[in-house]
Every structure is written in C-alpha cells, then in structure tokens.
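[1] need a 3D model of the following:
(one chain, ligands or ions: 2)
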Amino acid sequence: MPTLNVNGRDLEVQADPNTPLLWVLREQLGLTGTKYGCGVAQCGACTVHIDGAAVRSCVMPLSALKPAQKVTTIEGLSTGASHPVQKAWLALDVPQCGYCQSGMIMAAAALLKEKPRPTDAEIDDAMTNICRCGTYNRVRAAIHVAADGGTPKA
Ligand code: FES
Ligand code: FES
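    Ligands and ions are numbered 1, 2, ... in the order given. Got it, this is the predicted structure:
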C-alpha cells in the first residue's frame, strides 16, 4: 500500500497506481475541497501543491508521486483560512459560485511563493485556471492584496 504525505500527515492509500491523485484525495481521503472540472489538465479546478508547486491532480497518477513528496490541498493550506491569499479572497469577495476557487487559491499561493510581488502580466501568465463565473478581475486584484499580506489598504 503506498503512503502519501498529505497536509502534513502520512496516510496509507489503496488504489491502482494509475489512479489520478485527484480521486485518491477526494474518494479515499475525503478531501473534497479539490474539485473535478475537466479531467484533462485544462481548467485548474483540481490544483494542489506538490512540494509547494501547483500541480493539476487530475492528470497526476499516483505512481508519479515519490514517497518523500508532500501534497498540500486547500484543506491544509493554512489553519483557520489564515493564508494571505485566503484572507484577500475573503476581503475582496472573490468567489461567485465557488467551484473553481480552491484551484484558484492554490495556484495563487504557489505563484506568490515563487514571485512575492507579481505584475498583472505575471499573474495573467501564471493563472491559467478557468472560471465560468468570470471572477478573473477579482482574482487579479486579490493576488495583489495577498502580496501585501492579505488585508486591503484603507
Ligand atoms: S479537473 Fe484537473 S485541470 Fe480540470
Ligand atoms: S466562481 Fe464560479 S466557476 Fe469560478
């Protein structure tokens, strides 16, 4: 049985090695914050972090994960939604229906780790997640607020 390190815990999973990580997270571990949108790496709804980098879990087979790699889902991004991205998302009311937003937040958090003060162009390049509700402008604004710590300037 493979062991996965998810949100800081070592967890045993029973799944075929070809099973995408998304389904292991959702169906075996009950971590349903990570969403299924397209299943073909296009929409970003399934974005999680592997060793801090944004990865589309719908196309990542279990067998591609090394035992030492750390998986983080939206449930493990912070305690009490205290990550600057989550604070900014709340402050700016970013979500509409919400379906794409776990993936958006995970992608934004990975971007800020790599580029703490991204430009609009860098945000547009990095944030390739699809939102059917068209929250793109608020996503961009919230990433700038998150870069300032997550609280909008008065
Ligand atoms: S569900 Fe993975 S990218 Fe769309
Ligand atoms: S908030 Fe509805 S799909 Fe993005």
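
[2] which positions in the protein make contact with ligand 2?
    Residues of the chain that fall close to ligand 2, judged by Cβ under 6 Å from any ligand atom: 95, 96, 97, 98, 99, 100, 101, 131, 132, 133, 135. Just so you know, the C-beta spots here come from the backbone N, C-alpha and C atoms, and that holds for glycine as well.

[3] I'd like to know which of these are buried.
    95, 99, 100, 101, 131, 135 (16 or more other Cβ atoms under 10 Å).

[4] how is the protein carved up into domains?
    As given by automatic domain parsing, the domain ranges for the chain are 3-76, 84-147.

[5] ligand 1: which of the residues of the chain next to ligand 2 is nearest?
    Ranked by distance to ligand 1 (Cβ to the nearest ligand atom), those are led by residue 100 at 9.2 Å.

[6] ok, the closest one touching residue 130?
    Yes - Residue 100 lies in contact with residue 130 (Cβ atoms under 8 Å); the separation is 6.6 Å.

[7] so what sits against both of these two?
    37, 43, 44, 45 (Cβ atoms under 8 Å, 6 or more residues apart in numbering).

[8] all set, thanks.
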